[in-house]
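A.B. asks: task: produce atomic coordinates for the following.
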Amino acid sequence: MISRRAGAINAEGFFMTVVSFAEQIGDTIVVHVSTTGTVSSVADDAGNPFSLGASKTNGSITVYTYYSRNIARAGKNIVVHFGGVGAAVAVEAYTGVSAIGNSSSNSGTGESASVSVTTQDANNVVAATAGALSSTGVLDTKWSASSPNEIFDQDVLADNTKTLSIAALDGGTVATPGTDTVAASINSSSTWAMTAIELRS
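C.D. replies: Now for the predicted structure:
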């Protein structure tokens with residue numbers, strides 16, 4: 001059975017974001033990125049390889065979901081390099097993942113965001129990244145979700161004119177294969193994008 005073990009988050013503004021996170025051998029690490037730039041690399045300090053699962057651009061915001069399955073070495077830091085001046089990064093560790101399956105992305109404008117993935121097996125989990133860019137420039141931007149969707153980590157990066165936000169979430173365990181939609185809401189109208197990958201049991 002797939003389960004989320006732990007997570008961490010950080011938001012920084014200058015070309016590199018480091019998330020301190022204690023990996024364990026055998027973890028599947030999912031890295032969620034929301035940025036106004038372009039990601040050039042994702043790595044940890046143990047040398048585990050990371051692959052891009054999905055990405056989506058909507059206006060000035062791009063959202064990415066990266067992963068490293070069944071890691072062979074346990075690191076302590078995940079580093080995301082990007083071009084631009086804003087990125088928020090969340091890291092989630094899952095256990096019980098046998099493979100990475102389908103992926104999907106979606107984007108829009110408003111307070112409601114969602115992404116749908118066609119799952120292939122019972123007991124799979126869809127891990128999703130939600131990112132938004134608003135013109136409020138305040139730190140009280142919040143994501144929320146209703147069961148079975150669950151937000152594990154979220155953060156914001158703001159200046160006087162705009163707010164970049166991120167949420168790392170999943171849709172819970174899928175009982176039967178089919179279309180699984182992961183949805184979330186944000187408390188101010190924003191330009192948003194979501195990406196998602198299927199974690200196979």
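
A.B. asks: for the spatially closest residue to residue 64 that is not a sequence neighbour, give its distance to residue 179.
C.D. replies: Leaving aside its chain neighbours, residue 64 sits nearest to residue 33 (4.2 Å; criterion: Cβ to Cβ, 6 or more residues apart in numbering). The C-beta positions use only the backbone N, C-alpha and C, and glycine is treated the same way. In this structure, residue 33 and residue 179 are separated by 25 Å, where distance is defined by Cβ to Cβ, to the nearest Å.

A.B. asks: same question, residue 169
C.D. replies: Using Cβ to Cβ, one gets 17 Å for the distance from residue 169 to residue 179.

A.B. asks: one more: residue 2?
C.D. replies: According to Cβ to Cβ, residue 2 and residue 179 sit 18 Å apart.

A.B. asks: where does pLDDT dip in this structure?
C.D. replies: The chain contains residues with pLDDT under 70 at 13, 137-139, 160.

A.B. asks: buried ones in the longest strand along it, by neighbour count?
C.D. replies: Of all the elements of type strand in the chain, the one with the most residues (DSSP state E) is strand 179-200. Of the residues in strand 179-200, those with enough neighbours to count as buried (16 or more other Cβ atoms under 10 Å) are 180, 182-186, 188, 190-200.

A.B. asks: helices or strands up against that strand?
C.D. replies: Counting by 3 or more Cβ pairs under 8 Å, 6 or more residues apart in numbering; DSSP states H and E, the packing neighbours recorded for strand 179-200 are strand 28-35, strand 51-58, strand 61-68, strand 99-118, strand 124-134, strand 143-144, strand 163-174.

A.B. asks: out of those, nearest to residue 151?
C.D. replies: Proximity to residue 151 (Cβ to Cβ) singles out strand 163-174 among the helices and strands packed on strand 179-200, at 4.5 Å.

A.B. asks: off-centre distance for the closest one?
C.D. replies: Strand 163-174 sits 6 Å away from the centroid of its parent chain (Cα atoms, centre = their mean, to the nearest Å).

A.B. asks: got the angle for it vs strand 179-200?
C.D. replies: Direction vectors for strand 163-174 and strand 179-200, defined by axes from the mean of the first three to the mean of the last three Cα atoms, to 10 degrees, enclose an angle of 80 degrees.

A.B. asks: helices or strands up against strand 163-174?
C.D. replies: When contacts are defined as 3+ Cβ pairs under 8 Å, 6+ apart, strand 163-174 sits against strand 3-12, strand 28-35, strand 87-95, strand 124-134, strand 143-144, strand 150-158, strand 179-200.
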